[in-house]
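S.K.: just a sequence and a predicted model for now, questions to come.
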2 protein chains.
Amino acid sequence: MPAARTTEGEVGAPGGVTLPAEVQGDLRAIEDSLLRFHARHATRIGDAARHLLDAGGKRLRPLLTCAVVRALGGDPRPSIDVVAAVELVHAGSLLHDDVIDGAELRRGRSSVHAAFDAHTAILAGDFLFSWAFDRLAREGSRELQVAMGDAIRALCEGEVLERERRFDPDTDLDHARLVNRLKTAELFAYAAEAGALLAGADGPRRAAAREYGLALGEVFQTVDDLLDWEGDPGAVGKPLGRDLAEGLLTVPVTLAAERDPGLRDDVRAYWERRRVAPEADGAAAVRLRLDAAGAFAAARELADRDAARAAAAAGSLPVGPWRERLCEAARRAVARDR
Amino acid sequence: MPAARTTEGEVGAPGGVTLPAEVQGDLRAIEDSLLRFHARHATRIGDAARHLLDAGGKRLRPLLTCAVVRALGGDPRPSIDVVAAVELVHAGSLLHDDVIDGAELRRGRSSVHAAFDAHTAILAGDFLFSWAFDRLAREGSRELQVAMGDAIRALCEGEVLERERRFDPDTDLDHARLVNRLKTAELFAYAAEAGALLAGADGPRRAAAREYGLALGEVFQTVDDLLDWEGDPGAVGKPLGRDLAEGLLTVPVTLAAERDPGLRDDVRAYWERRRVAPEADGAAAVRLRLDAAGAFAAARELADRDAARAAAAAGSLPVGPWRERLCEAARRAVARDR
């Protein structure tokens, strides 16, 4: 699942390990809201959409919206269906990703594509997008609607940009960063901006919320790129360097290539070996070389800088425990391990 | 392309063979409007979307919107980007259909799926949906937005319902009609209703426009089902009875089965023969049997009745040449031959 967006570690829920009562309440309200859609005639399409939604997920994006609303002194619950719409968009995009990747698993259960079929998964994705827009059409403002459309297009463009450079060893850090921003961070930016809009915030605070979400999303995706290289290459289960095997040069690899230009030739040779013998595994050797070039440390530094950007943006929000939670969430996002 | 919606004959353009100057002008404005979208970073996704849009198409749905606006005394041109959004939705759904069907051709050129890849086609479809919503978010009313969401969900449900009964010989006329309404007619209904909304029509006229579009869309899809059985089975190019070969029982076949119950066993046997020998062609024999059961005549009668429903609904619009053109378009839709 090279194009899959963040694996969504526990850090996501703002507030840390023990969730404050408000977050627990918001999470329950989000879960309830996510089930409020229906198919009029084709129960199969609703079942397919619920198959993914029921499998869980951290609901990071709508929780982010709630946290921003609360940081600005508002209450997200009366707008919870609008808040939860971003998770429907995320779920719809996962359905389409899984078809594209031929993924068999998603969130520990069979993907919709595997449990139903690709046809139903594509249409269930469209169906969820359409429900998200329905919620914004009925209860959201024009600004929210336009911002969501922008975020969805960013997501689509990011996915296409990423794929279009598959197996191109000259992919550079700028490209990897742009892909991460488009495919992951823009939807986080939308979620945070939506919180500001729902709380009726002024322009500067709306911009600060958006910047917070963008930076947090970039942290998440950088850490996701890092996690792809963690684990025991001999262990069963999670393969090492899946992204690279799929032809994707992510942040750590492009960072390493800046420091160790010969790496690009090695990557080309690695792909060539796998092309001839798909089971050939040179990932452990690549990891050693990435580590020697300081790629992992550099990627963590990048994530740290983005987390600091997020905290700085949160500094424009009113002082209080929710602002602290947002800053803490950014710090914890760097350290997450799954 | 069994799930493809109407093949869009020349009848679509309201007004008949020689298009009135207003229709020609509206068509040009629609064509211009269709090109007003862009990709910020991934030019490939824009190229893919344009690959389909540039291949032509009759633009029936936005022309229908324009005709209804004009019938109600309005001018569609100031709202042309909103008007054209329905064509973006139609194009997006064709992109997804072609991936689902593995179609190699669309509108006489390679499908996006074939010319680019399935991944880009899925994302370009999402991209076009999102541009359609963007237009409605910026310039459309809440009613328009909600109605478009409803139409997209109907389309998704229709596609899923159709597929879920593939190779089920007990599929009946009610099911075939429901599929046709959902997968085709509801978007026509939206297009006509959008015209009423853009013209500021009252509730009864809005309902009449919607009913006109729904009935016209049903005529189109019934005739599409009929056209699947036309042509010379020995000729190269268009195979006969493609829908049935793909496992779909459309309106003519289900009508025949009501009159000739033994047909269902024959259809089962036909599928079984094709399963064993995919190149086996029994379509000509099935056509003879459908004809003997009066299926084609009955389907034309059904289309006639729907065209009469459309004309009756148009009767609630103001007297004038545009109302006449709408009635004429419904009559000509029955007689179209491609």
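M.R.: Arrived safely, thanks for sending.
S.K.: contacts and neighbour counts: CA atoms only from here.
M.R.: Will do.
S.K.: any idea how far A:D243 lies from chain B?
M.R.: 17 Å (CA to the nearest CA, to the nearest Å).
S.K.: close to chain B: what parts of the stretch 51-200 of chain A are there?
M.R.: A:96, A:100, A:118-120, A:122-124, A:126-127, A:130-131, A:133-134, A:137-138, A:142, A:145-146, A:149-150, A:152-153, A:156-161 (CA under 8 Å from any CA of the partner chain).
S.K.: repeat the analysis, applying 7 Å as the threshold.
M.R.: Contacts of the stretch 51-200 of chain A with chain B, taken as CA under 7 Å from any CA of the partner chain, map to A:100, A:119-120, A:123, A:127, A:130, A:133-134, A:137-138, A:142, A:145-146, A:149, A:152-153, A:156-157, A:160-161.
S.K.: what about the strands in the stretch 101-250 of chain A?
M.R.: A:105-106, A:109-110 (DSSP state E, counting those that start in this stretch).
S.K.: which other residues reach the last one?
M.R.: Same thing as strand A:109-110. By CA atoms under 7 Å, 6 or more residues apart in numbering or on different chains, the residues outside strand A:109-110 that reach it are A:A55, A:E104.
S.K.: chain center to it: distance?
M.R.: Distance of strand A:109-110 from its chain centroid, counting by CA atoms, centre = their mean, to the nearest Å, is 19 Å.
S.K.: before we move on, the earlier item: export the strands of the stretch 101-250 of chain A to JSON lines and append columns for distance to A:A297 and mean pLDDT.
M.R.: Shown next, in JSON lines, are the strands of the stretch 101-250 of chain A (distance: least, CA to CA, whole Å; pLDDT from 0 to 100):
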{"stretch": "strand A:105-106", "distance to A:A297": "29", "mean pLDDT": "76"}
{"stretch": "strand A:109-110", "distance to A:A297": "33", "mean pLDDT": "81"}
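S.K.: got the ones you listed as a markdown table, with mean neighbour count columns?
M.R.: Formatted as a markdown table, these follow (neighbours: other CA atoms under 10 Å in any protein chain shown):
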| stretch | mean neighbour count |
| --- | --- |
| strand A:105-106 | 18 |
| strand A:109-110 | 14 |
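S.K.: would you list those strands in JSON lines and tack on distance to A:E22?
M.R.: Shown next, in JSON lines, are the strands of the stretch 101-250 of chain A (distance: least, CA to CA, whole Å):
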{"stretch": "strand A:105-106", "distance to A:E22": "29"}
{"stretch": "strand A:109-110", "distance to A:E22": "29"}
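S.K.: and for the residue of the stretch 201-338 of chain A found nearest chain B, the neighbour number?
M.R.: Closest residue of the stretch 201-338 of chain A to chain B, CA to the nearest CA: A:E246 (14.5 Å). Using other CA atoms under 10 Å in any protein chain shown, A:E246 has 15 other residues around it.
S.K.: the stretch 1-150 of chain A: helices as residue ranges?
M.R.: A:21-34, A:43-53, A:60-71, A:80-101, A:112-115, A:118-139, A:142-164 (DSSP state H, counting those that start in this stretch).
S.K.: give me the below-cutoff pLDDT ranges for the stretch 101-250 of chain A.
M.R.: Along the stretch 101-250 of chain A, the parts satisfying pLDDT under 70 run over A:231-238.
S.K.: of the residues of the stretch 51-200 of chain A next to chain B, just the buried ones, ChimeraX syntax please.
M.R.: To isolate the buried members of these in ChimeraX, using 16 or more other CA atoms under 10 Å in any protein chain shown:
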select /A:100,119,120,123,127,130,133,134,137,142,145,146,149,152,153,156,157,160,161
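S.K.: one step back: out of the strands of the stretch 101-250 of chain A, which comes closest to A:Y212?
M.R.: strand A:105-106 (27.9 Å; CA to CA).
S.K.: now what about stretch A:257-274, what contacts it?
M.R.: By CA under 7 Å, 6+ apart, stretch A:257-274 touches A:P169, A:D170, A:A280, A:G282, A:A293.
S.K.: can we see that at 10 Å?
M.R.: Stretch A:257-274 is contacted from outside by A:167-173, A:244-247, A:249, A:251, A:253-254, A:256, A:275, A:277-283, A:285-286, A:289-290, A:292-295, using CA atoms under 10 Å, 6 or more residues apart in numbering or on different chains.
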